[in-house]
Every structure is written in C-alpha cells, then in structure tokens.
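Participant: heads up, no residue letters with this:
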C-alpha cells in the first residue's frame, strides 16, 4: 500500500479534501494522510462540499506535520506554494509532487460564489487523485 501525505498551509481545506477523496478512490491502494505547515481547524464549507459528493470528513482533524510520519511516506503532495516551500527536507526515496490548487478560503462574493470556489478546489483535487490512482494501479499492476 502506498503511503501518501497531502500538505497545505492550514490543513483546513485542500489537504483535508485530498485525504477524504483518496480514502474512497484509493481504498486498498493508498493510505492517505494530511497535514498543514500551520494547522488550524477544518473549514465548515470543506465538510459541506465533501458531503455533497457523499464523503464525510467530519471526523478528520487539522494536524501539523509529524516528522516521523512524514519520513514513512512514499509520496508527499503539496497543494499550495507555501506548503511546498515550507515542507521539511525528506529523503530522496520519497517522491514529491506539487499541485497548485487555489485556496477556496480566499474566495469572496456571495455565499454561492464562495461555495463554488470550494467545489472547484474539490473537483480539481478529485480529478488529480483519479489520475494518480490510475498511475499507481499501473505501477502495482492492479486491475
């Protein structure tokens, strides 16, 4: 099983979405984790838009980077530039990938426009995870 950690700044939106989506799409293939370089709390709209697609992340918590756990990963995926820049050094055997996903917390406008920013981030992350799962299945030769 591949161990993957998703990192963003606050571990409140993007990395939480990635962890929840990966638990479903990568079940049996990926053991997902998430963390933030400056952990806060999970944004309520993150939970709301994940519930819209049938994924309950309400029991997930915002976490900081655990260096011991980080060094056990097969892959680290950063979801924002600050997490990419602030991610601790890792051994060369750990693959690092960067997905630049806009922070939905910075969205402004009506309630619906802000929710659409969260949905957009969720959908973009989901597409990237779908591709990642297919790539890892090929590596593992899983049907």
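Facilitator: Nice, I can see it. These numbers come from a predicted model, not from an experiment. Numbers count the residues shown, from 1 in each chain.

Participant: Please identify the helix or strand for residue 132.
Facilitator: When elements are defined using DSSP states H and E, residue 132 is found to belong to helix 111-140.

Participant: just how off-centre is that helix within its chain?
Facilitator: 9 Å (CA atoms, centre = their mean, to the nearest Å).

Participant: Let's test this: mean pLDDT of that helix, rounded?
Facilitator: In this model, helix 111-140 carries a mean pLDDT of 94.

Participant: got it, and stretch 56-76?
Facilitator: The predicted model assigns stretch 56-76 a mean pLDDT of 91.

Participant: do stretch 6-19 as well
Facilitator: In this model, stretch 6-19 has an average pLDDT of 92.

Participant: Can you give me the neighbour number for residue 47?
Facilitator: Around residue 47 there are 20 other residues, counting by other CB atoms under 10 Å. (Glycine included, C-beta is placed from N, CA and C.)

Participant: excluding its backbone neighbours, what's nearest it?
Facilitator: Leaving aside its sequence neighbours, residue 47 sits nearest to residue 58 (CB to CB, 6 or more residues apart in numbering; 5.3 Å).
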